[in-house]
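Participant: Here you go, sequence then predicted model.
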Amino acid sequence: PEFPRAFASRFPIAGVSVDDYSHRYVQSPDGDILGGVRFYNRDVRSPFVEVIAHTFTSLQLLRRRVRDEWSSFRPGFLRLRTAPEQLAGEPNTRLHKSIHVARYADLRPSGGQIMLEPFDDVDRAISIVDLRYRHLRVADPALGAILAPADPDELREWHDHGQLFGVRVQDQIVGVLAVVPSNVGWINGDEISEEVIDVRHNGRGYAAAAQCAWAEQIATDQDALLIGTIHGSNTASRKTAEAAGRIRVLDDYDVAL
């Protein structure tokens with residue numbers, strides 16, 4: 001009961017009861033659904049339904065049932081977690097993000113060009129991240145509007161917990177990497193929470209090498225998993241994950257209603 005009350009207070013919609021914000025187990029002749037309403041980018045004007053699990057064999061019937069069941073919110077789409085590329089090419093669908101995973105032991109060798117070191121001054125890390133995202137918003141406004149940097153408080157917290165490192169090549173800090181224990185898609189491991197390479201050093205493979213260097217220099221359990229979620233529009237990060245040896249294991253798709 002506490003969850004829908006808190007949720008409804010953050011995203012109030014006229015005519016929608018507090019109970020409607022609860023997760024639901026919906027049964028129908030065509031299939032069952034476990035799901036709940038969400039709000040894209042925490043915007044009350046952009047409701048969607050996260051389908052956690054279902055037994056439908058028809059995507060069209062699933063769409064119809066979700067649209068009817070959550071009609072009070074007028075959601076624009078539903079979101080499904082699937083096997084990689086399971087819905088690629090399906091009409092009315094769009095890849096929201098892909099999830100890439102590898103055991104530390106299975107990442108490729110870093111090549112020895114990268115060293116990871118803590119920042120003496122976390123403000124330097126904050127500045128590097130800020131400059132990289134400001135450049136992105138100019139160079140690629142569409143992607144810059146989608147991707148958001150870690151905020152300074154997060155970076156400071158990761159620094160305090162020994163989870164934030166500078167990416168050094170010879171005598172230069174060329175980027176920032178933060179890896180934090182997490183759980184993504186029911187997968188437990190360490191998540192790449194922020195990684196940026198200074199634009200002046202792009203295109204040299206430093207991002208992939210930094211992830212591999214983390215496995216060699218920082219990780220204490222080589223059987224642990226390194227996880228990353230990558231937005232569907234972020235082709236460069238997907239190539240970085242593959243170059244490091246992280247395998248695409250799950251996709252989140254948006255399915256228009």
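Facilitator: On my side now, so go ahead. Numbers count the residues shown, from 1 in each chain.
Participant: Which parts of the stretch 101-250 of the chain are strands?
Facilitator: 115-117, 164-169, 172-184, 187-197, 225-231, 247-256 (DSSP state E, counting those that start in this stretch).
Participant: Who does the fifth one pair with, and is each partner parallel or antiparallel?
Facilitator: According to DSSP bridges, the neighbouring strands of strand 225-231, each with its direction, are strand 93-103 (antiparallel), strand 187-197 (parallel).
Participant: Excluding its own residues, what touches the first one? List them.
Facilitator: When contacts are taken as Cβ atoms under 8 Å, 6 or more residues apart in numbering, the neighbours of strand 93-103 outside the stretch itself are 79, 84, 87-88, 184-185, 187, 189, 222-232, 238, 241-242, 244-256. Bear in mind the C-beta positions are built from the backbone N, C-alpha and C, glycine included.
Participant: In this protein, where's the longest helix?
Facilitator: helix 122-139 (DSSP state H).
Participant: returning to what we had before: filter the contacts of strand 93-103 down to the buried ones, ChimeraX style.
Facilitator: Buried residues among those (16 or more other Cβ atoms under 10 Å), as a ChimeraX selection:
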select :79,87,184,189,224,225,226,227,228,229,230,231,232,238,241,244,245,246,248,249,250,251,252,253,254,255
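Participant: quick revisit: can I get the strands of the stretch 101-250 of the chain in TSV with mean pLDDT and distance to Ala142?
Facilitator: Formatted as TSV, the strands of the stretch 101-250 of the chain follow (pLDDT from 0 to 100; distance: least, Cβ to Cβ, whole Å):
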stretch	mean pLDDT	distance to Ala142
strand 115-117	97	31
strand 164-169	97	26
strand 172-184	96	23
strand 187-197	96	18
strand 225-231	96	11
strand 247-256	96	16
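Participant: I'd like those strands laid out as TSV, including distance to Trp158.
Facilitator: Shown next, in TSV, are the strands of the stretch 101-250 of the chain (distance: least, Cβ to Cβ, whole Å):
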stretch	distance to Trp158
strand 115-117	13
strand 164-169	4
strand 172-184	5
strand 187-197	7
strand 225-231	15
strand 247-256	24
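Participant: Now do stretch 139-150: everything it contacts.
Facilitator: 129-130, 132-133, 136-138, 158, 178, 193-194, 196, 199, 231, 233-234.
Participant: no wait, stretch 184-197
Facilitator: 81, 99, 101, 128-129, 132-133, 149-150, 154-155, 158, 163-164, 167, 174-183, 206-207, 210-211, 219, 224-229, 240, 249-250.
Participant: one more time with 7 Å
Facilitator: 81, 99, 101, 128-129, 132, 150, 158, 167, 174-182, 206-207, 210-211, 224-229, 250 (Cβ atoms under 7 Å, 6 or more residues apart in numbering).
Participant: what does stretch 8-28 give?
Facilitator: With contacts defined as Cβ under 7 Å, 6+ apart, stretch 8-28 is touched by 3-5, 7, 32-37, 39, 44, 65, 69, 72-73.
Participant: Among the residues you listed, which are located in helices?
Facilitator: 3-5, 7, 65, 69.
Participant: Got the phi and psi for Ala88?
Facilitator: Main-chain torsions, Ala88, degrees, to the nearest 10: phi -60, psi 130.
Participant: Show me what Gly189 bridges to in the sheet.
Facilitator: Going by DSSP bridges, Gly189 forms beta bridges with Ser182.
Participant: I'm done for today, thanks for sticking with me.
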